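In: I would like to see how this sequence folds:
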Amino acid sequence: MHGRITGHVRVEQRSRAGRVWIATYVRADGTKTRKTLGPAWVRESGKRTPRGAILWRAANGSKPDTTYLTPKDAEEALDALLAVERKKPASARRVTGKTLGDAATSWLEHGRTVRGIAPTTLAGYEVIVGRIYAEEFPRDLLLSRITAARVTGYQSKLLKRLGSPARKGKLGRESIRRRMVVLRRILKHAVALGWIATNPSDGVELVAQPAAQPDFNVLEPSQVEAVARAMTTVPPADLPTMRNGKIDKHALAVMQERRTLWADAVRVAAYTGLRFGELRALRWRDIDFTGEAVRVLRHAPTSAPAGNDVKTPKSERGRSVPLIPQAVTALDRVSKLYPNGPDDLVFPTRGVGMLEAGRVRDAFYEGLKQAKLGHVRAEPNPMTFHDLRHTFGSIAVRVFPVSDVQAMLGHADIATTMRYVHSVPRTDAAAKLASAFGSDLNPADEPAAVA
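Out: Numbers count the residues shown, from 1 in each chain. Below you'll find the model as predicted:
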């Protein structure tokens, strides 16, 4: 879809040249331009347009020379200019007046409707788009004003903030790259719509992806327990006090109760491999104590837009995970804190709402620190709450076939599960290999040497 290439001519009075014909038209690239066609051989007709402009007629007599133009000559000259622009490739044309905000909105809508991108992913894109607006390219900025130099400058500005994401105001390489990739995709979408001729970011070398780091961190079961125990302790700075300076025992009890719930959520995450969103959506009817299984049927991602419905797990199908005694103990403790009817949430917030991601994660990271495991939060590959799922996978592959662990975790591709196989320590590998080779290299079985 392309904009119409149109224009018009008018007579203007110049101090020295007298009356001249001026053509105003839109070029193939969407920009508006003016061109002096030549001196005007005209006279007033005595009539005006509805807007009050003078209607011109050819002047009496012959033109002084061929550079002078009558109204008909001027129209023909304009038609010739427009014909040249219309012959230019469609890729060179664009519609004027479109802004970055128009392009971003259209790109997000295209992702939602045509490509069927998940709401959680779209919500992430919207956050990145908002940062692009705030940092360099305002929503109302005309697409025609975005140049390769400005895109390069934006990336350079972001790189000056490069550092540890844990430090306020700093950005990681991956965060910078995501901004640049989203900007490039928005501009590519604008080109596809004919809103700009070319993508100004195409010639910009984007920041390289971060150097490959280990995919995940894991904790041993004893470390999981140490962190969970640490989480139940209210930090001194958070102790609730009354006006007289004494500890508010009721408020403290509420805080400890909440922290006990969070600690057991950490235990269950590590002992079942459930994602945080699956923990939030877990209900007591999903716990089969007799059959020793947890049925994972719903997912409530924390990144979903407000009001977004609970959906099926990320794999788009339910699954079952073995319920080990360590998880049973944690669930038994949780069942005594809040109502535990079949439809009640296993890990509610204040007995009603879903688990608050930010608070639980903050408590988990503080628990790591208090359990003397703060080093796992260090760069370049800091441990996250999601690594509790990796903890389960890494331990499960020690005793189950990879295909079974794939089913427990709901991985669509077994290659994803194979990562845990490579993380399993093989301290006796050399001994086992030596034994295997040795069975065929036993000196007693060697043939006699030929004389």
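In: for M354, what are its contacts?
Out: If you count contacts by C-beta atoms under 8 Å, 6 or more residues apart in numbering, M354 has them with 280-281, 300, 345, 347-348. The C-beta positions use only the backbone N, C-alpha and C, and glycine is treated the same way.
In: can you check L355 too?
Out: Going by C-beta under 8 Å, 6+ apart, the list of residues near L355 reads 265, 276, 279-280, 345, 347-349.
In: what's the answer for R259, then?
Out: Listed by C-beta under 8 Å, 6+ apart, the contact partners of R259 are 231-234, 363.
In: From those, pick the one nearest A118.
Out: The nearest member of those to A118, counting by C-beta to C-beta, is A363 at 27.9 Å.
In: Show me how far stretch 174-185 is from its chain's centre.
Out: On the basis of C-alpha atoms, centre = their mean, to the nearest Å, the separation between the geometric centre of stretch 174-185 and that of its chain is 9 Å.
In: sorry, back to before: list only those of the contacts of M354 flagged as buried.
Out: For these, a neighbour count by 16 or more other C-beta atoms under 10 Å gives the buried set as 280-281, 300, 345, 347-348.
In: Which one among the residues you listed sits at the bottom for pLDDT?
Out: Among the buried ones among the contacts of M354, A300 has the lowest pLDDT, at 86.
In: That residue and T232: what is the separation?
Out: Note on A300: its distance to T232, by C-beta to C-beta, to the nearest Å, is 25 Å.
In: which ones among the buried ones among the contacts of M354 are found in helices?
Out: With helices identified by DSSP state H, the entries of those that belong to them are 280-281.
In: right, and out of the buried ones among the contacts of M354, which lies closest to W195?
Out: Sorting the buried ones among the contacts of M354 by distance to W195 puts A300 at the head of the list, at 37.6 Å, by C-beta to C-beta.
In: mind listing the strands for the chain?
Out: Per DSSP state E, the chain carries strands over the ranges 7-14, 18-26, 32-39, 42-48, 54-58, 287-288, 293-296, 319-322, 348-349, 353-354.
In: Quick one: distance of the last one to the chain centre.
Out: Looking back up the chat, that one is strand 353-354. Put simply, strand 353-354 sits 25 Å off its chain's centre (C-alpha atoms, centre = their mean).
In: next one: the second one
Out: Mean-position distance between strand 18-26 and its chain equals 50 Å (C-alpha atoms, centre = their mean).
In: So what touches it?
Out: The list of residues contacting strand 18-26 from outside it, by C-beta under 8 Å, 6+ apart, reads 3-14, 32-40, 42, 69, 74, 77-78, 81-82, 85, 96.
In: Is it possible to mark the buried ones in those residues?
Out: For the contacts of strand 18-26, a burial check counting by 16+ other C-beta under 10 Å picks out 3, 5, 7, 9, 11, 37-40, 42, 69, 74, 77-78, 81-82, 85.
In: low pLDDT regions in the stretch 351-451 of the chain?
Out: Within the stretch 351-451 of the chain, the stretches falling below the threshold (pLDDT under 70) are 351-352, 379-380, 422-451.
In: Show me which of the contacts of L355 is closest to Y125.
Out: F276 (20.5 Å).
In: residues near that closest one, how many?
Out: Counted by other C-beta atoms under 10 Å, the residues lying close to F276 total 24.
In: Output the buried ones among the contacts of M354 in TSV; the columns should cover distance to R319.
Out: As requested, these are exported to TSV (distance: C-beta to C-beta, whole Å):
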residue	distance to R319
R280	17
A281	13
A300	16
L345	19
F347	19
P348	23
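In: Most neighbours among the contacts of R259, please name it.
Out: Using other C-beta under 10 Å as the neighbour criterion, M231 leads the contacts of R259 with 26 neighbours.
In: quick one on the thing from earlier: out of the contacts of M354, who's nearest I324?
Out: When these are compared for distance to I324 (C-beta to C-beta), F347 wins out at 17.8 Å.
In: and the closest one, what does it touch?
Out: With contacts taken as C-beta under 8 Å, 6+ apart, F347 has the following neighbours: 261, 264-265, 268, 279-280, 282, 334, 354-355.
In: Could you rerun that using 10 Å?
Out: Applying C-beta atoms under 10 Å, 6 or more residues apart in numbering to F347 gives the contacts 261-262, 264-265, 268-269, 276, 279-283, 331, 334, 337-338, 354-355, 360.
In: could you measure it against L142, distance?
Out: Relative to L142, F347 is positioned 49 Å away (C-beta to C-beta).
In: In this structure V268 contacts L331, no?
Out: Yes: shown here, V268 and L331 form a contact pair, counting by C-beta atoms under 10 Å, at 6.7 Å.
In: where do the contact lists of those two overlap?
Out: In the contact map built from C-beta under 10 Å, 6+ apart, the residues linked to both V268 and L331 are 282, 287, 294, 323, 346-347.
In: Which member of the residues you listed is positioned nearest S222?
Out: After measuring the shared contacts of V268 and L331 against S222 - C-beta to C-beta - the closest member comes out as L323, at 20.2 Å.
In: The closest one and L331 touch, don't they?
Out: Yes: A contact is recorded between L323 and L331 when judged using C-beta under 10 Å, the distance being 8.0 Å.
In: if I look at the two, which residues touch both of them?
Out: 268, 271-272, 287, 289, 294.
In: Can you say which of those are buried?
Out: With neighbours counted by 16+ other C-beta under 10 Å, the shared contacts of L323 and L331 contain buried members at 268, 271-272, 287, 294.
In: how close does the closest residue to A265 other than its chain neighbours sit to G367?
Out: Using C-beta to C-beta, 6 or more residues apart in numbering and skipping the chain neighbours, the partner closest in space to A265 is F347 (5.0 Å). Using C-beta to C-beta, one gets 16 Å for the distance from F347 to G367.
In: now swap in R178 and tell me
Out: Using C-beta to C-beta, one gets 29 Å for the distance from R178 to G367.
In: More neighbours: those two, which one.
Out: Residue environment comparison for R178 versus G367 gives the larger neighbour count to G367, 24 against 17, counting by other C-beta under 10 Å.
In: so the more buried one makes contact with V234?
Out: No: if you go by C-beta under 10 Å, G367 and V234 don't touch, sitting 11.8 Å apart.
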